[in-house]
Structure formats: C-alpha cells, structure tokens
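>>> Output the structure for:
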Amino acid sequence: MNDVIRKLRDVVPIRPLSMQEAMQLAEIQANLLLSGSRVLLPPVPESIIADLPRIEIERMRPCPVSGAVHWNKGRWIIVVNDDESPARQRYSIAHEFKHVLDNPFIKVLYPGLEGISAHERAEQVCDYFAACLLMPAHWMRHYYFELGMHDPRRLAQRFETSWTAVQVRLLQIGLMASTPPLFEPSP
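Numbering: from 1, shown residues only. Predicted structure coming up:
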C-alpha cells in the first residue's frame with residue numbers, strides 16, 4: 001500500500017478504541033493528510049484523496065447510497081452518488097477514505113459499546129474524519145474569530161460543504177452551543 005496510507009494507519013494503535021480515542025485519532029489522521037498535502041486554505045480539494053496511488057473515485061448515477069468503497073484489482077474504488085451535490089460528494093469521498101484507512105483493523109478498533117453497534121461506531125468515526133479533513137478546527141476558528149465569519153451559509157460556501165455539515169462542525173469544536181436546525185433556512 002502506498003506510503004501516505006501506511007503513515008496514516010501507523011498512528012492508530014491496533015486495539016479496541018474508546019469513542020474519544022477514535023475521534024482524536026481520526027482528527028490526527030485528517031490533520032496529517034492535510035499537512036502532507038500542502039493545502040493551506042479551504043476548500044480542501046478532492047485531489048487530496050483522488051491523487052493518492054491505488055485510489056480511484058467513481059461517480060455513479062443512479063446510486064442507492066451517498067458513498068461506498070471496495071477493493072478491486074489492486075486499488076480502492078470509492079463510489080459516490082453523482083446525483084448528490086458536489087459538497088455532499090466531497091464529504092462522502094472523505095468519509096469513505098477513512099474506511100480505507102481503517103479497513104485492516106475495523107473489527108478490532110470499533111467493537112460495539114453501550115448500545116452502539118460496531119458498524120454505527122465506525123460510521124460516526126468516518127463522519128468525524130470527513131468533517132476534520134474538510135473543515136479543520138484551526139481553519140474554522142480562524143474564519144469564525146479572526147475573519148468574523150459567523151454565518152454558517154458563508155462558511156459552507158467557503159469550505160464547499162453543506163450548511164448542515166458546518167453546523168455540526170461548529171458544535172463539535174465548541175463554536176455553537178445548541179443543536180443545529182434540521183433544515184437550512186432560506187437566504
């Protein structure tokens with residue numbers, strides 16, 4: 001497997017992880033991938049993943065899911081739903097890439113805990129990785145505090161993510177105190 005994927009896998013201890021550990025490690029992996037790419041400003045380009053050796057992105061229409069990943073003939077195929085918005089496709093690519101990173105150890109890393117299945121835990125960690133990669137905490141804080149960009153719609157435009165993803169990320173990093181609305185308000 002290529003060097004980048006190996007380096008990202010190497011930061012994860014091969015043992016059952018608590019949710020806090022899993023989330024911290026996902027953020028470390030996202031930051032390592034980002035720092036190795038020399039991307040300094042949002043939006044994070046799809047190429048950060050698509051240009052890696054043995055990774056191929058396929059867009060399908062129709063597609064019953066937002067994204068999926070599988071190993072085929074010596075490469076990882078990340079499939080995304082071409083009917084979804086570009087922002088959703090980017091998020092799905094990042095989410096599925098975390099599945100690639102976790103693949104050899106998935107059953108060890110995320111055992112079911114406290115009423116949450118192993119599958120649900122893995123999905124939560126992959127979502128968190130995608131958010132960390134596309135909306136790194138230090139960038140979000142910079143745009144929020146230093147540039148005064150508090151409107152989630154403006155942040156979503158700048159980061160090329162969905163309004164909902166920005167709302168969740170603001171909650172994750174402590175910049176929003178309440179549960180986000182379920183639907184984006186009209187401009």
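
>>> For Glu96, list the residues it contacts.
The contact partners of Glu96, taken as Cβ atoms under 8 Å, 6 or more residues apart in numbering, are 67-69, 78-80, 126. (Each C-beta comes from the backbone N, C-alpha and C, glycine too.)

>>> so how far is Ile106 from it?
Going from Glu96 to Ile106 by Cβ to Cβ, to the nearest Å gives 13 Å.

>>> now Asp83
Shown here: Asp83 relative to Ile106, a distance of 28 Å by Cβ to Cβ.

>>> Val4 too?
Going from Val4 to Ile106 by Cβ to Cβ gives 19 Å.

>>> Check Leu8 too.
Distance, Leu8 to Ile106, using Cβ to Cβ: 15 Å.

>>> Likewise for Ile14?
For Ile14, the distance to Ile106 equals 11 Å [Cβ to Cβ].

>>> between those two, which one's more packed in?
It is Ile106, of Ile14 and Ile106, that has more neighbours when counted by other Cβ atoms under 10 Å, with 15 against 10.

>>> Tell me which helix or strand the more buried one sits in.
In the assignment (DSSP states H and E), Ile106 maps to helix 106-109.

>>> Can you point out the buried residues in that helix?
Leu109 (16 or more other Cβ atoms under 10 Å).

>>> The chain: strands as residue ranges?
55-60, 67-72, 75-81 (DSSP state E).

>>> Give me the sheet partners of the last one and which way each runs.
The pairing partners recorded for strand 75-81 under DSSP bridges are strand 55-60 (parallel), strand 67-72 (antiparallel).

>>> Sort out which residues of the first one are buried, please.
Read that as strand 55-60. For strand 55-60, by 16+ other Cβ under 10 Å, it's 55, 57.

>>> what's the residue nearest the centre of the chain in contact with, if anything?
For the chain, Ala130 is the residue whose C-alpha lies nearest the centre (Cα atoms, centre = their mean; 0.7 Å). By Cβ under 8 Å, 6+ apart, Ala130 lies in contact with 91-92, 94-95, 98.
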